[in-house]
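> following is a predicted model, sequence given first.
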Amino acid sequence: MIKNIINRIKNDALIKQNTILFAGTMALNVLNYFYHFSVGRILGPADYGILGAFFSIMYILFAPVNTIQTILAKFTADFLAKNDAGKISYLLKRSLAVLSYVSIGIFLVFVIFSKQIAEFLLIDNVTYVILFGFVFLVIFITAVSRGFLQGLQKFKILSASLILEGIIKFGLAITLIFLGFNLYGAITAITIALLFSFLFAFYYLKKAFPKEVVKIDSKSIYTYSLPVLITMTVITAMYTADVILVKHFFEPITAGLYAAASLLGKIIFFASYSFSWVMFPKIAEAHSKGEPYKHIFYKSLLFVTILSTIAVIIYWLMPNFIVNLLFGEQYIGIINLIAPFGLAMGLFSIAFVVANYYLSINRIKFIYVLTAFLLIEILSIWFFHETLEQVVNILLITMVALVAVLFLVRK
């Protein structure tokens, strides 16, 4: 019986591809957390609070970034199902050209308003903000390459590009910090790591498609873009708005402590991210072909639930050990936050799977639910933020209610 179960697992494409991408995303997560833990220890809570605010802006960028990746993955999967390689080639070249101009424009706007951004985030060195702005030049084209790899279900290449990003970011940041560049080095490493990850993925994509392109009608792509953009904007804001609000309302050291607690909580979300990445193109392709697909959703939901449950139990049983090991004694004040934060992010991971399922089959009414709960979260934190514990409890209650309502809507 056990042998049969093992053979079924080995022959299950969903499990195999989830394992490949899970390994890649986990490697990236581990390297990212090495980056954060090392930088947090070396620079201290005040400077880490600045970096935490920048990463929250990056997470907000994940709204358009994930929109780009999701749209390209969806249409690549559709064209792949119909063997339209020429259309995939056209979509790749067109998206890279358009987003290169968009990236330059956003970068210039960010630099122009860098002083105002620094003042809002209580950062006294505007150079940090300008240096961080270079991320805009590469993050969108990186999303293009990953969207195509996801849609083509080339999860080995996608995993390799993620691992490369993590290695370069961690290694370069530590090197630059020890050379005396401190926070400048930690920020610079982000942009360079994304650039090399893109170049690696693009090298594969350039060889994979024919030079001949088949022009496509972009109307359907733009029509699909709006609900995806709204979804990804709301989802991203739900796990980043709290850090930005805390940075605005609390003094720097307290904000740095919260950024550390938030990082530990997000381990669960980013660890489970790969299951949605694998699920999405598979359901999109099956839906396009008129084949059964609900079993893919149920399996993905089960994997994420199991993973989140294990992580929350570990956070609940060993908070002292985790905080001391990863951040050190100066962050000991967050030990009571990481278990409820982890539970909130575990529930959010489940909500993310459901949202991706809806998008893959072109159902968009759930967006109203997401938007309503985002507003509840932001307004609750805005008016009730006496302690960090209060902020975390607001986040947890919001996520419990969100998951419950999403499943009620689904029925």
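Perfect, I can see it now.

> quick one: the helix or strand where Tyr128 lies to chain centroid distance?
Element membership for Tyr128 (DSSP states H and E) is helix 126-133. Taking C-alpha atoms, centre = their mean, to the nearest Å, one finds helix 126-133 lying 22 Å from the centre of the chain it belongs to.

> how about that helix: buried residues?
128-133 (16 or more other C-beta atoms under 10 Å). Yep, even glycine has a C-beta here, placed from its N, CA and C like the rest.

> tell me, how many neighbours does the nearest residue to Ser100 once chain neighbours are set aside end up with?
Computed as C-beta to C-beta, 6 or more residues apart in numbering, the closest residue to Ser100 that is not its neighbour in sequence is Ile141, at 6.4 Å. As a burial measure, Ile141 scores 22 neighbours (other C-beta atoms under 10 Å).

> looking at the buried residues of helix 126-133, which is nearest Leu302?
Distances from Leu302 to the buried residues of helix 126-133, taken as C-beta to C-beta, are shortest for Phe132 (38.5 Å).

> residues contacting that closest one?
Applying C-beta atoms under 8 Å, 6 or more residues apart in numbering to Phe132 gives the contacts 54, 57, 187, 190.

> that one and Ala53: what is the separation?
Going from Phe132 to Ala53 by C-beta to C-beta, to the nearest Å gives 9 Å.

> just confirm Ser300 contacts Ser274, I think it does.
No. With contacts counted by C-beta atoms under 8 Å, Ser300 stays clear of Ser274, the gap being 9.9 Å.

> what about Ile322, which helix or strand?
Using DSSP H and E, Ile322 falls in helix 319-326.

> I meant Ile306, not that one.
helix 294-317.

> which parts of that helix are buried?
Those would be 296-297, 299-301, 303-305, 307-308, 311-312, 314-315, for helix 294-317 by 16+ other C-beta under 10 Å.

> what lies in contact with it?
Contacts for helix 294-317 (C-beta under 8 Å, 6+ apart): 14-15, 18, 264, 267-268, 271-272, 275-276, 278-279, 282-283, 286, 322, 338-339, 341-343, 345-347, 349-350, 353-354, 357.

> got the contact list for Leu205?
Residues in contact with Leu205, defined by C-beta under 8 Å, 6+ apart, are 92, 145, 148-149.

> longest helix anywhere in the chain?
In the chain, assigned by DSSP state H, the helix with the most residues is helix 13-81.

> relative orientation of that helix and helix 126-133 in degrees?
Counting by axes from the mean of the first three to the mean of the last three C-alpha atoms, to 10 degrees, helix 13-81 lies at 80 degrees to helix 126-133.

> begin at 163 from now on, thanks
Happy to do that; since the first residue is 163 now, the last one works out to helix 175-243.

> just how off-centre is helix 175-243 within its chain?
Centre to centre, stretch against its chain (C-alpha atoms, centre = their mean), the figure for helix 175-243 is 4 Å.

> could I get the buried residues of helix 456-479 as TSV with distance to Met394 and pLDDT?
Formatted as TSV, the buried residues of helix 456-479 follow (distance: C-beta to C-beta, whole Å; pLDDT from 0 to 100):
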residue	distance to Met394	pLDDT
Ile458	21	86
Phe459	19	89
Lys461	23	88
Ser462	18	88
Leu463	19	90
Phe465	22	88
Val466	18	91
Thr467	22	92
Leu469	22	89
Ser470	21	90
Ala473	24	90
Val474	25	90
Ile476	29	91
Tyr477	27	90
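
> out of those, which is nearest to Val408?
Distances from Val408 to those, taken by C-beta to C-beta, are shortest for Tyr477, at 19.5 Å.

> and the closest one, how close does it get to Tyr520?
29 Å.

> Ala351 now?
36 Å.

> among those two, which residue is more densely surrounded?
Ala351 (23 against 20).

> element containing that one, please.
Assigned by DSSP H and E, Ala351 falls in helix 344-370.

> return the set of buried residues in that helix.
Neighbour-count burial for helix 344-370 [16+ other C-beta under 10 Å]: 345, 347-360, 362-364, 366-367, 370.

> and the nearest residue to Asp240 once chain neighbours are set aside, what pLDDT?
Spatial nearest neighbour of Asp240, excluding adjacent residues (C-beta to C-beta, 6+ apart): Ser450 at 4.9 Å. Among the per-residue scores, Ser450 holds a pLDDT of 76.

> the helix or strand where Ser450 lies - contacts with which helices or strands?
Using DSSP H and E, Ser450 sits in helix 414-451. The elements that helix 414-451 packs onto, with contact taken as 3 or more C-beta pairs under 8 Å, 6 or more residues apart in numbering; DSSP states H and E, are helix 175-243, helix 298-313, helix 317-338, helix 403-411, helix 456-479, helix 481-488, helix 500-522, helix 550-572.

> looking at the ones you listed, spot the one closest to Ala280.
When the helices and strands packed on helix 414-451 are compared by C-beta to C-beta, helix 175-243 sits nearest Ala280, at 9.6 Å.

> downstream neighbour of the closest one in the secondary structure list?
Downstream of helix 175-243, the first helix or strand assigned by DSSP H and E is helix 247-274.

> list the buried residues for that following helix?
Residues of helix 247-274 classed as buried: 247-254, 257-258, 261, 265, 268-269, 272-273 (neighbour count, 16+ other C-beta under 10 Å).

> for the nearest residue to Phe431 once chain neighbours are set aside, what are its contacts?
Closest residue to Phe431 apart from its sequence neighbours, by C-beta to C-beta, 6+ apart: Met507 at 4.6 Å. By C-beta under 8 Å, 6+ apart, the contact list for Met507 reads 401, 427-431, 470, 561.
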